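Asks: Next one to model:
(one chain, ligands or ions: 2)
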Amino acid sequence: MSMPTDAENKWIDSLIKQDEIDRYLNNGKDFIDEQLIWNQLEKQKNPSDSYIREIIAKSLELERLNPVETAALLNCRNDELWEEIFRAGLSIKRKVYGRRIVFFAPLYISNYCVNNCAYCAFRRENTAVTRTCLSDDQIRAEVRALTAEGHKRLIMVYGEHPTTGADFIAHTLKVVYETKHSGDEIRRANINAAPLPIADLKKLSEVGIGTYQVFQETYHPATYRSLHPADTLKGNMRWRLYALHRAMEAGVDDVGIGALFGLVDYRFEVMSLLLHTIDLEEKFGGVGPHTISFPRLEPALNTPFVENPEHLIDDESFRKLVGVIRLSVPYTGMILTAREPQSVRNSIISIGVTQLDAGSNIGIGCYATGKTGGDRQQFELADNRTLEEVISYLVDLGMITSFCTAGYRCGRTGHYFMDIAKSGKVHTLCMPNAILTFAEYLDDYASEQTKEKGWILLEEELRRLPGEDLRIRVSELLERVRNGERDLYL
Ligand code: SAM
Ligand code: SF4
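Replies: Ligands and ions are numbered 1, 2, ... in the order given. Modelled structure (predicted):
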């Protein structure tokens, strides 16, 4: 894995289509205007308490904030107001998503990579990592190990390499969907992969991907340049910046954005995530990202950059930035991964997170072997609780686990999903489906202890559903689940 081969160089040159960047520019300019962002942050450096409260009130009405309001929140220095922001985050989440958390598991497929991102153990020059690309049989073994724990949703992750391009990704998705074992199955596979051209994205759309995630890493141009060498594919910042615009155009209308926090001032990244959301909404008829991710930089094997990064984010700032994202984009899903330690996850779940992973092992091929990630993983995870342990913890907090995958299988993505989320209709669709999938989990996979308290909570949620008709309908479906039927949804 030293210098790119001729074949790799040829592939790299063929991938980037300049017109699939240029068509999304605003009069030749990006949606990120660095100077404007700094100016807005500077202008709002001392927001009044009353202005902050006005912003909180707007967000509680489920209205997306504008960049000036977001800049003001980011500069709030009043601890009492921060508590109000956190409380508002929870209340927004309850309004839009209810008392449920969606669960998924990461499944790393390949760590071959042509890029050289300074923070990542998979960067091409890192010889300390064992390179692996799972065979079909190994993928099946991983899926069996995951579904045996109760997982129904995956995020499949790939390095960027000619041998693992769109055709390979589409093939692996098929292998995952076809792996079924006495009721255990993956019903939704999201992917986190490199930016692709529109024609390739159409191939993924045809196989039925869930969410397509691409993290920008950093939206700050100079920082981006310093971490992603110019002579690599990822060195082309604009190709990445418009990856999800291309996805929307290709018909993949369920996209996830994210920034890798710890590379630059976090306030710049939060402002940029909002601008990314706004640009997608403006260009695609009001449909923005389905999810926002906010991974923090973690230690990685033989990766000196992550040992002492200049912009490391302390836990308190991390909590604040999550709170601001929640208020800025009230109807977008928010993903908190097992990169974070248990204590941080526990303190952040209640301010508006909608998706978690658990029981994760990001060593390639390691679910089936049961080994720890070691030299096969991209970075280190900090929350090593099992799926059952996290679910049980959430039950104690009064939150039910959802493995619902009805949305994308019923075409409730893009416009349709945004309408549901913005109008708060989630309670009549997603909450019943959460109840039904939680019932499956409790019956098929949970320990006796979790089962007992889980069913009590589930009955409470059933009583909370709006309208007698809906409650009767869901009770009937629930009875069928108890009698062994599976995959029932509204
Ligand atoms: N290779 C593809 C790419 O870069 O777009 C797929 C994604 S990569 C395998 C998954 C994500 O992991 C990256 O987008 C990055 O945000 C994150 N990541 C990389 N190194 C990390 C580290 N040291 N700590 C935490 N997250 C990291
Ligand atoms: Fe490759 Fe992605 Fe790691 Fe960069 S972050 S080195 S592109 S796997």
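
Asks: who in the stretch 301-450 of the chain is up against ligand 1?
Replies: Residues of the stretch 301-450 of the chain lying close to ligand 1 (Cβ under 6 Å from any ligand atom) are 306, 339, 378-379. In short, each C-beta sits where N, CA and C put it, glycine included.

Asks: Report pLDDT for Pro4.
Replies: Residue-level confidence at Pro4 comes out at 75, pLDDT.

Asks: So that it lines up with my notes, have the first residue be 55 from now on.
Replies: In the new numbering, first residue 55, that becomes Pro58.

Asks: Against Ile86, how distant is the spatially closest residue to it that is not a sequence neighbour?
Replies: Setting aside the residues directly before and after it, Pro58 is nearest to Val168 in space (Cβ to Cβ, 6 or more residues apart in numbering), at 6.0 Å. Using Cβ to Cβ, to the nearest Å, one obtains 25 Å as the distance from Val168 to Ile86.

Asks: circling back to that earlier point, which one of the residues of the stretch 355-504 of the chain next to ligand 1 sits in the busiest neighbourhood?
Replies: Gln432 (26 neighbours; other Cβ atoms under 10 Å).

Asks: doesn't Ile418 make contact with it?
Replies: No. With contact defined as Cβ atoms under 8 Å, Gln432 does not reach Ile418; the gap is 9.1 Å.

Asks: Please identify every residue contacting each of those two.
Replies: Common contacts of Gln432 and Ile418 (Cβ atoms under 8 Å, 6 or more residues apart in numbering): 162, 165.

Asks: pull the longest strand from the chain.
Replies: Taking DSSP state E as the criterion, the chain has its longest strand at strand 154-164.

Asks: still on that earlier bit, where does the residue nearest to Pro58 land in three-state SS?
Replies: coil (DSSP: H, G, I helix; E, B strand; the rest coil).

Asks: What parts of the stretch 255-404 of the chain come near ligand 2?
Replies: Going by Cβ under 6 Å from any ligand atom, the residues of the stretch 255-404 of the chain near ligand 2 are Lys288.

Asks: Can you name the residue of the stretch 255-404 of the chain nearest ligand 2?
Replies: Lys288 (5.1 Å; Cβ to the nearest ligand atom).

Asks: got it, and the stretch 305-454 of the chain?
Replies: Nearest residue of the stretch 305-454 of the chain to ligand 2: Gln432, at 6.2 Å (Cβ to the nearest ligand atom).

Asks: And that residue, how far from Leu314?
Replies: 12 Å.

Asks: Also Leu381?
Replies: 22 Å.

Asks: which residues of this structure fall in strands?
Replies: 154-164, 207-212, 234-235, 238-239, 242-246, 266-267, 309-312, 345-347, 387-390, 409-411, 454-456.

Asks: Including distance to Asp319, could those go into TSV?
Replies: Output for the strands of the chain, formatted as TSV (distance: least, Cβ to Cβ, whole Å):
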stretch	distance to Asp319
strand 154-164	28
strand 207-212	27
strand 234-235	47
strand 238-239	44
strand 242-246	25
strand 266-267	23
strand 309-312	17
strand 345-347	18
strand 387-390	21
strand 409-411	26
strand 454-456	35
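
Asks: Which one of those strands has the poorest average confidence?
Replies: Taking the mean pLDDT of the strands of the chain, strand 234-235 comes last: a mean of 90.

Asks: List the beta-bridge partners for Arg350.
Replies: Phe315 (DSSP bridges).

Asks: re earlier: quick check, the residue of the stretch 255-404 of the chain closest to ligand 2 in contact with Arg294.
Replies: Yes. If you go by Cβ under 8 Å, Lys288 and Arg294 touch, sitting 6.8 Å apart.

Asks: tally of neighbours for the residue nearest to Pro58?
Replies: The number of residues near Val168, taken as other Cβ under 10 Å, comes to 21.

Asks: Distance of it relative to ligand 1?
Replies: Applying Cβ to the nearest ligand atom, to the nearest Å, the value for Val168 to ligand 1 is 10 Å.

Asks: now Lys425
Replies: Counting by Cβ to the nearest ligand atom - Lys425 and ligand 1 are separated by 19 Å.

Asks: And for Gly377?
Replies: Separation of Gly377 from ligand 1 (Cβ to the nearest ligand atom): 21 Å.

Asks: And that residue, how far from Ala142?
Replies: On the measure of Cβ to Cβ, Gly377 and Ala142 end up 8 Å apart.

Asks: Over to Asn120?
Replies: 17 Å.

Asks: Of those two, which one has the most company?
Replies: Ala142 (22 against 14).

Asks: which ones are touching the more buried one?
Replies: 110, 113-114, 380-381.

Asks: what about Arg540, how many residues close to it?
Replies: 14.

Asks: before we move on, what about Leu441?
Replies: For Leu441, using other Cβ under 10 Å, the count is 22.

Asks: That one against Ala199, yeah?
Replies: No. Counting by Cβ under 8 Å, Leu441 sits too far from Ala199 to count as a contact (11.7 Å).

Asks: Spell out which residues make up each domain of the protein.
Replies: 60-84+144-465, 480-536 (automatic domain parsing).

Asks: For Glu443, give me its contacts.
Replies: Ala412.

Asks: measure it to Thr504 for me?
Replies: Note on Glu443: its distance to Thr504, by Cβ to Cβ, is 9 Å.

Asks: same check, this time on Arg350
Replies: Counting by Cβ to Cβ, the gap from Arg350 to Thr504 is 29 Å.

Asks: where are the low-confidence patches of the stretch 305-454 of the chain?
Replies: Counting by pLDDT under 70, the stretch 305-454 of the chain contains no low-confidence residues.

Asks: Can you name the residues of the stretch 105-254 of the chain that neighbour ligand 1?
Replies: Checking the stretch 105-254 of the chain against ligand 1 by Cβ under 6 Å from any ligand atom, the hits are 173-174, 211-214, 246-248.

Asks: Just send those back as JSON lines, with distance to ligand 2 and neighbour count too.
Replies: Formatted as JSON lines, those follow (distance: Cβ to the nearest ligand atom, whole Å; neighbours: other Cβ atoms under 10 Å):
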{"residue": "Tyr173", "distance to ligand 2": "7", "neighbour count": "22"}
{"residue": "Cys174", "distance to ligand 2": "3", "neighbour count": "25"}
{"residue": "Val211", "distance to ligand 2": "8", "neighbour count": "20"}
{"residue": "Tyr212", "distance to ligand 2": "8", "neighbour count": "22"}
{"residue": "Gly213", "distance to ligand 2": "4", "neighbour count": "24"}
{"residue": "Glu214", "distance to ligand 2": "5", "neighbour count": "23"}
{"residue": "Asn246", "distance to ligand 2": "9", "neighbour count": "18"}
{"residue": "Ala247", "distance to ligand 2": "9", "neighbour count": "24"}
{"residue": "Ala248", "distance to ligand 2": "6", "neighbour count": "22"}
